[in-house]
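Participant: Sequence first, predicted model second:
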Amino acid sequence: MNPNQDVIARMYDSQSQKEWDRMDRHRTEFAVTLKAMAEYLPKPPARILDCGGGPGRYAIELTRQGYQVTLFDLSAEELSLARIKAQEAGVDLEAYLQGSATDLSGFAPGSFDIVLLMGPLYHLLELEQRQRAVIEARRVLKPGGMLLATFITRYSGHRYAAREEADWILRDEPASQELLETGRLPPRPSREGGFVAYMAHPTEAAPLIWENGLELVTLLGVEGLVSMIEDQVNAQEGELWERWVELNYHLSSDPALHAGVEHLLAVAVRPRWQAVLRQLADRLAQAGLGFTVVGGTSAALQGVWLPVRDLDLEMDIPSVYRFQELFSAQAVLPVGWREDEKYRSHYGRFDFDGVVVEVMADLQWRQGENWIPVATRNHRQVEVEGASVSVSWLEEETLAYLRRGRLERAAQCLSRCDPQRMSRLVYQQLMKDR
């Protein structure tokens, strides 16, 4: 529960038309965000939850494009205005529902192909609340579904003050300092309008996405180059306007701009592979087959920010052939003994709803003229979609990346490794190589 929820609802109730007009005042933000949607969202028809969508600027535009949109917001007045605007536009939204982004219990798991969280994170002062909003959005997304989440950036309040009311940093010095240090602009009785905000440092966006079970696809500064200096650009039409939109969209992914824009847009996906791994874990447990997740998937399950391209499962020899029997319909390359210049093993490749699963047993790595067994020696349990799954030690995976010369990937893993465990494995490897 957000203790400031009533304050925020009253604020938006009192300015619903102003919120609708905001996208006319900030045409670049609206245009760049629509270009991102066109590039990253699945094509219509698809079901969208516009969570915190206010008066429905995006909901109405996306409905016009053929999407099925449910508008969900704290403010009753914003929702009422959205109904009027949708009627004027000649479109029908699926529903207009009132509620909080931290509680989406009215929606079943996996109800939507897309969730827009483009507003609620502005007003959740505590990290736990922002995490809850992302977790709830993930829950109602289908596996493979897309999340678009926006953040107000840390320095936008001071940049606005520099343009509109430069004396603010002295007139309300405590608020100015708190905003710089913590990103928080809590409610104060003396503040007109009761504005409550959390302004995120650009480095906070990726952790909020990755650490709550989603994969970050890209992070965009939606005002591009023209943040706070947009008036002339926003007055343009025709080819000149389109050229500025293209330029700002092209530059929106440049991290050099991200501290100097007003809004960041995170594009993320609920990974389909997690649901597939959960289903496999259940089915293999029923069949009495053990397995260990290895490779990049193992690293991702232990907190390394890696997009997973396929699932690598290590099994014993009888189990890998039993896997072939259980899932012969999904086999792309049936299990068999295979060898190339670097590796050999009992190996097969399968396709589960677009997720590639590779299974292997008795994996060996060529070192000169010799074949060296590289089966996982150590493993631990992690949770995936509520199921307990065995994964190789992250420290073992890091050493494997080092042996293969994948130094960038090894560096990504090292920060998550246990120092003592890593030192012990390195020492054992040195002793073996002597």
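Facilitator: Happy to help now that I have it.

Participant: Please tell me how far Pro271 sits from Val355.
Facilitator: 9 Å (Cβ to Cβ, to the nearest Å). Just so you know, the C-beta spots here come from the backbone N, C-alpha and C atoms, and that holds for glycine as well.

Participant: How about Lys35?
Facilitator: On the measure of Cβ to Cβ, Lys35 and Val355 end up 29 Å apart.

Participant: can you list the weak-confidence ranges in the stretch 151-300 of the chain?
Facilitator: For the stretch 151-300 of the chain, the stretches with pLDDT under 70 are 189-194.

Participant: 90 instead, please
Facilitator: For the stretch 151-300 of the chain, the stretches with pLDDT under 90 are 186-196.

Participant: Pull the contacting residues for Leu179.
Facilitator: Applying Cβ atoms under 8 Å, 6 or more residues apart in numbering, we find Leu179 in contact with 154, 157-158, 185, 199.

Participant: With respect to Pro334, which of the residues you listed is nearest?
Facilitator: Distance to Pro334 across these (Cβ to Cβ) is lowest for Arg154, with 53.9 Å.

Participant: Could you report the neighbour count for the closest one?
Facilitator: 20 (other Cβ atoms under 10 Å).

Participant: swap in Gly354?
Facilitator: 9.

Participant: ditto for the one 3 residues further on
Facilitator: By the criterion of other Cβ under 10 Å, Val357 has 22 neighbours.

Participant: Can you give the strand pairings for the helix or strand encompassing it, parallel or anti for each?
Facilitator: Using DSSP states H and E, Val357 sits in strand 355-367. Note on strand 355-367: by DSSP bridges, its sheet partners are strand 310-314 (parallel), strand 343-352 (antiparallel), strand 370-373 (antiparallel).

Participant: domain assignment for this structure?
Facilitator: Structurally, the chain divides into domains by automatic domain parsing as follows: 5-270, 273-433.

Participant: Please work out which of those is packed deepest.
Facilitator: With neighbours taken as mean count of other Cβ atoms under 10 Å, the domains of the chain reach their highest mean count in domain 5-270, at a mean of 18.

Participant: for that domain, how far is the first residue from the last?
Facilitator: Domain 5-270 has an end-to-end distance of 27 Å (Cα to Cα, to the nearest Å).

Participant: switch to numbering from 151
Facilitator: With the count now opening at 151, the last piece we talked about shows up as domain 155-420.

Participant: How about the contacts made by the spatially most central residue of the chain?
Facilitator: Residue closest to the average C-alpha location in the chain (Cα atoms, centre = their mean): Ala418, at 3.3 Å. For Ala418, the contacting residues are 296-299, 359, 364-367, by Cβ under 8 Å, 6+ apart.

Participant: hmm, 10 Å instead?
Facilitator: For Ala418, the contact set (Cβ atoms under 10 Å, 6 or more residues apart in numbering) comprises 190, 265, 267, 284, 287-288, 291, 295-299, 355-356, 358-360, 362-369.

Participant: ok so it is a strand residue?
Facilitator: Yes. Assigned with DSSP: H, G, I helix; E, B strand; the rest coil, Ala418 falls within a strand.

Participant: partners of it in the sheet?
Facilitator: Going by DSSP bridges, Ala418 forms beta bridges with Leu297, Leu366.

Participant: now it: how far from Tyr399?
Facilitator: From Ala418 to Tyr399 the distance is 18 Å (Cβ to Cβ).

Participant: Which strands border the strand or helix carrying Leu266, and is each parallel or antiparallel?
Facilitator: Applying DSSP H and E as the criterion places Leu266 in strand 262-267. Applying DSSP bridges, strand 262-267 is found paired with strand 197-201 (parallel), strand 291-303 (parallel).

Participant: gap between Ala283 and Ala316?
Facilitator: Applying Cβ to Cβ to Ala283 and Ala316 gives a distance of 34 Å.

Participant: cool, Val470 as well?
Facilitator: Taking Cβ to Cβ, one finds Val470 at 69 Å from Ala316.

Participant: ok, the closest residue to Arg527 other than its chain neighbours - contacts?
Facilitator: Nearest residue to Arg527 in three dimensions, chain neighbours excluded: Glu546, at 6.9 Å (Cβ to Cβ, 6 or more residues apart in numbering). Each residue near Glu546 by Cβ under 10 Å, 6+ apart is listed here: 444, 448, 524, 526-529, 567, 571-572, 575.

Participant: quick revisit: after the strand holding Leu266, next one along is what?
Facilitator: Next along from strand 262-267, by DSSP H and E: helix 277-290.

Participant: That following helix to strand 262-267, inter-axis angle?
Facilitator: On the basis of axes from the mean of the first three to the mean of the last three Cα atoms, to 10 degrees, helix 277-290 is oriented at 160 degrees to strand 262-267.

Participant: and Asp460, what does it touch?
Facilitator: Asp460 sits in contact with 423, 445-447, 499-501, 505-508, where contact means Cβ under 10 Å, 6+ apart.

Participant: Specify the local secondary structure of the residue nearest to Arg527.
Facilitator: On the basis of three-state DSSP, Glu546 is classed as helix.

Participant: any idea how far Ala251 is from the spatially closest residue to Leu291 that is not a sequence neighbour?
Facilitator: Distance criterion Cβ to Cβ, 6+ apart; nearest residue to Leu291, sequence neighbours excluded, is Arg420 at 4.4 Å. Applying Cβ to Cβ, the value for Arg420 to Ala251 is 16 Å.

Participant: can you check Val367 too?
Facilitator: Val367 is 21 Å from Ala251, by Cβ to Cβ.

Participant: Could you give the bridge partners of the closest residue to Asp466 other than its chain neighbours?
Facilitator: Take Asp466 and drop its neighbours on the chain: the residue closest to it by Cβ to Cβ, 6+ apart is Ala511, 5.7 Å away. In this entry, Ala511 is beta-bridged to His496, by DSSP bridges.

Participant: Any idea how far the strand holding Leu266 is from the middle of the chain?
Facilitator: Here the centre of strand 262-267 is set off from its chain's centre by 11 Å, with Cα atoms, centre = their mean, to the nearest Å.

Participant: average pLDDT for it?
Facilitator: The average pLDDT for strand 262-267 rounds to 98.

Participant: returning to what we had before: residues shared between the contacts of Pro421 and Val505?
Facilitator: 293-294, 427, 458.

Participant: ok, of those, which one's closest to Asp404?
Facilitator: The closest of the shared contacts of Pro421 and Val505, once distances to Asp404 are taken by Cβ to Cβ, is Val458, at 26.0 Å.

Participant: Pretty sure Leu476 sits against Gln429.
Facilitator: No. In this structure Leu476 lies outside contact range of Gln429 using Cβ atoms under 10 Å: 12.0 Å.
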